[in-house]
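>>> Provided below are the primary sequence and the corresponding predicted coordinates.
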Amino acid sequence: MKLESPGPALGRRVVRRGREHYYPHVTDAEWHDWRWQFRHRVTSLADLARFLTIPPEEWKAREQVLSDFRMGITPYYLSLIDADDPRDPLLRQVVPLAEENLFRAVGDEDPLGEEKFSPVPGITHRYPDRVLMVLSNNCAIYCRYCTRKRTMYDGATPDVEIDRMVDYIARTPSVRDVVVSGGDPLNFATAKLDAILTKLRAIPHLEIIRIGTRVPVALPQRIDDELCEMLAKHHPLWINVHFNHPNELTPDAARACDKLSRAGVPLNNQAVLLKGVNDDVATIKALCHGLMRMRVRPYYLYQCDPVRGAEHFRTPISKGIEIIEGLRGHTSGLAVPTYVIDAPGGGGKIPVQPDYLLQYDREQGRALLRNFQGKLYEYLEPRANEDVLVPVAPPIPASAQTPPIVLAGSNRKRAEPESNGKAQSANGNGHASSSPGATNGATNGASNGATNGASNGAANGAGNGAMNGAGNGAASSAKNGSAPVVGKSKWVHRGSTKAERAARAKKRTS
């Protein structure tokens, strides 16, 4: 799978010195061995200084950071970092910075209130039908914004605690979906993870197993044939991965995701919005497009949790809304993640979107909608009785720069705003019709049909609407007193009257 560098598209240089620069004497066998990668993680400041420059004045502050939250960087992930750029987006995610020390007292240890929703250690049961199962506190890399920093110095999770988690799920029939997370469960040996998944699969009411992992990003060598064959035994199984930046979409990561996909595992991505890493439309768009090429669905874009020491990563909510608005309508819907805030204290994920529904009158069955271009549309809901709703255009803004309001979504009689002689597009592509006949037909047919229909009766309205539309080339017919529907095709199949069909049939038989 060929992946192009995102650098030019993002207007920035991408320097990947790579394995040859950081680890010139490592053999291919070592480099592609995930266990070697795990054993040789960078875990201390002195070790990190062998590869990256650390300003002397920041040494003490960064040491203080590591007394609060551990560091771990695989050789593979380190090889993706530009050593000459202190603001490299990958460096900021895994290297302890002085900013982290500055905000070490700001934020919460457990910002999502996971512990108060924990019926047994390791289980978070916040939603009615699904639970979170935290199997491990160990990760290939430790993200500086991690919401579970508080657990990362704990010892390994004992097998007896894992069995208690499984037992809780087994005696809670309302649970149909479990998220297996950590830490990172894919750091387990394949046989151990297989044993845990086998126990879960033996629970009759458990339908779905999901695994949350950052291994394809930080340690793609771990995704080998043995692991994929084991995972395929436990379907339906889903995996949520965690790519934050296009620079993480490497050929190695693509191969790892491809292996999982070929094993029948659907992949969704959960990114976190991080200041100085991915907080702009171009970066998130490049990330989502790259994920789609790797057959990974952009699933969530999380607002960064208010965890202690991560204040320098947090953006205002308006930034997330701006990014979603820059994606919606400008790329395919599959490439637009849902922007969510995981409510502090355990309120769960709350989707936050731009305002596309501007007004909604439930009693009247009317909605005023805004599309991705800022154009306004009225939508009429279906009526249970025979009442006829006549759309009423909102006042036309004084500013000539504001596009006229186009009414759509109903085949009832309608009154259109003045349109300076040009037909407005109702398909959201911003292009007006290039045909004068179609333009005049749509405008005159709609205008005269609705106006005359209101004043002289449905039949007269239909007649005038159809005559004016046909006379100017639109060739659309109005029925039951309604004007041509905005956005409908003006093309009419010729030779479809009853007499014409009979003539053609007679000709065929003669």
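Good, I have the coordinates.

>>> what's around residue 311, how many residues?
19 (other Cβ atoms under 10 Å). Glycine gets a C-beta too; all of them are placed from N, C-alpha and C.

>>> so who does the nearest residue to it once chain neighbours are set aside touch?
If the residues on either side of it in the chain are set aside, residue 311 comes closest to residue 103, at 3.8 Å by Cβ to Cβ, 6 or more residues apart in numbering. Contact analysis of residue 103 by Cβ atoms under 8 Å, 6 or more residues apart in numbering lists 308, 309, 310, 311, 312.

>>> if you set the cut-off to 10 Å instead, what comes out?
Under the criterion of Cβ atoms under 10 Å, 6 or more residues apart in numbering, the neighbours of residue 103 are 308, 309, 310, 311, 312, 313, 314.

>>> for residue 350, helix, strand, or coil?
Of the three states, residue 350 takes strand according to DSSP: H, G, I helix; E, B strand; the rest coil.

>>> For beta bridges, what are the partners of it?
Assessed by DSSP bridges, residue 350 has beta-bridge partners residue 341.

>>> Residue 341 is in contact with that one, correct?
Yes. Distance between residue 350 and residue 341: 5.1 Å, which falls inside the contact criterion (Cβ atoms under 10 Å).

>>> and stretch 237-248, which residues are buried?
For stretch 237-248, a neighbour-count test (16 or more other Cβ atoms under 10 Å) marks 237, 238, 239, 240, 241, 242, 243, 244, 245, 246, 247, 248 as buried.

>>> I'd like these written out as JSON lines, with distance to residue 91, pLDDT and secondary structure added.
Putting these into JSON lines (distance: Cβ to Cβ, whole Å; pLDDT from 0 to 100; DSSP: H, G, I helix; E, B strand; the rest coil) gives the following:
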{"residue": "237", "distance to residue 91": "33", "pLDDT": "98", "secondary structure": "strand"}
{"residue": "238", "distance to residue 91": "31", "pLDDT": "98", "secondary structure": "strand"}
{"residue": "239", "distance to residue 91": "26", "pLDDT": "98", "secondary structure": "strand"}
{"residue": "240", "distance to residue 91": "24", "pLDDT": "98", "secondary structure": "strand"}
{"residue": "241", "distance to residue 91": "21", "pLDDT": "98", "secondary structure": "strand"}
{"residue": "242", "distance to residue 91": "17", "pLDDT": "98", "secondary structure": "coil"}
{"residue": "243", "distance to residue 91": "16", "pLDDT": "98", "secondary structure": "coil"}
{"residue": "244", "distance to residue 91": "12", "pLDDT": "98", "secondary structure": "coil"}
{"residue": "245", "distance to residue 91": "11", "pLDDT": "98", "secondary structure": "coil"}
{"residue": "246", "distance to residue 91": "15", "pLDDT": "98", "secondary structure": "helix"}
{"residue": "247", "distance to residue 91": "10", "pLDDT": "97", "secondary structure": "helix"}
{"residue": "248", "distance to residue 91": "12", "pLDDT": "98", "secondary structure": "helix"}
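
>>> Which residue ranges of the stretch 301-450 of the chain form helices?
Counting by DSSP state H, counting those that start in this stretch, one finds helices in the stretch 301-450 of the chain at the ranges 317-327, 436-456.

>>> If you average pLDDT over each of the ones you listed, which is lowest?
In terms of mean pLDDT, the lowest-scoring of those is helix 436-456 (a mean of 40).

>>> Spit out the contact partners of residue 30.
Contacts of residue 30 were listed using Cβ under 10 Å, 6+ apart, and they are 23, 36, 37, 39, 40, 75.

>>> From these, list just the buried residues.
With neighbours counted using 16+ other Cβ under 10 Å, the contacts of residue 30 contain these buried positions: 23, 36, 37, 40, 75.

>>> Phi, psi for the nearest residue to the first one once chain neighbours are set aside please.
Leaving aside its chain neighbours, residue 23 sits nearest to residue 75 (5.5 Å; criterion: Cβ to Cβ, 6+ apart). The phi and psi values for residue 75, taken as degrees, to the nearest 10, are phi -50, psi -40.

>>> now swap in residue 175 and tell me
The phi and psi torsions at residue 175 (degrees, to the nearest 10) take the values phi -80, psi 120.

>>> Can you report how many residues neighbour it?
Residue neighbour count, defined by other Cβ under 10 Å, stands at 21 for residue 175.

>>> Quickly note the distance from it to residue 50.
Here the distance between residue 175 and residue 50 works out to 47 Å (Cβ to Cβ, to the nearest Å).

>>> what do you get for residue 79?
The gap separating residue 79 from residue 50 is 14 Å, by Cβ to Cβ.

>>> what sits against the residue positioned nearest the centre of the chain?
The C-alpha lying nearest the average C-alpha coordinate of the chain belongs to residue 337 (Cα atoms, centre = their mean; 1.0 Å). By Cβ under 10 Å, 6+ apart, residue 337 lies in contact with 268-271, 273, 284, 287-288, 291, 297-302, 323-324, 327.

>>> do that again at 6 Å, thanks
The neighbourhood of residue 337, defined by Cβ atoms under 6 Å, 6 or more residues apart in numbering, consists of 298, 299, 300, 301.

>>> Give me the subset of those lying in strands.
Among the contacts of residue 337, the subset assigned to strands under DSSP state E consists of 298, 299, 300, 301.

>>> In CSV, list those along with neighbour count.
Compiled in CSV, these are given as follows (neighbours: other Cβ atoms under 10 Å):
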residue, neighbour count
298, 24
299, 17
300, 19
301, 25
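
>>> Format the residues you listed as CSV; extra columns: pLDDT and distance to residue 148.
Compiled in CSV, the ones in strands among the contacts of residue 337 are given as follows (pLDDT from 0 to 100; distance: Cβ to Cβ, whole Å):
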residue, pLDDT, distance to residue 148
298, 98, 23
299, 98, 20
300, 98, 17
301, 98, 19
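
>>> From residue 365, how far off is the closest residue in space to residue 276 that isn't next to it in sequence?
The spatially closest residue to residue 276, leaving aside those adjacent along the chain, is residue 92, at 5.7 Å (Cβ to Cβ, 6+ apart). Between residue 92 and residue 365 the distance is 50 Å, computed by Cβ to Cβ.

>>> Settle it for me: which of the two has more neighbours?
Under the criterion of other Cβ under 10 Å, the comparison of residue 92 against residue 365 puts residue 92 first, with 24 against 16.

>>> That one and residue 144, how far apart?
With distances defined as Cβ to Cβ, the gap from residue 92 to residue 144 amounts to 7 Å.

>>> what does residue 188 give?
Taking Cβ to Cβ as the measure, residue 188 and residue 144 are separated by 24 Å.

>>> before we move on, the earlier item: if we only consider the contacts of residue 103, which is nearest to residue 124?
Taking Cβ to Cβ as the measure, residue 124 lies nearest residue 308 of the contacts of residue 103, at 18.8 Å.

>>> give me the number of residues near the closest one?
With other Cβ under 10 Å as criterion, residue 308 counts 19.

>>> Would you agree it is in contact with residue 107?
Yes. Counting by Cβ atoms under 6 Å, a contact exists between residue 308 and residue 107, whose distance comes to 3.9 Å.

>>> more neighbours, residue 350 and residue 341?
Set side by side, residue 350 and residue 341 show more neighbours around residue 341, with 18 against 11, by other Cβ under 10 Å.

>>> State the distance from that one to residue 353.
Counting by Cβ to Cβ, the gap between residue 341 and residue 353 amounts to 11 Å.

>>> again with residue 308
29 Å.

>>> My read is that residue 313 contacts residue 144, right?
No. Distance between residue 313 and residue 144: 7.3 Å, which falls outside the contact criterion (Cβ under 6 Å).

>>> Which of the contacts of residue 337 sits closest to residue 203?
Using Cβ to Cβ, the shortest approach to residue 203 within these belongs to residue 299, at 25.1 Å.
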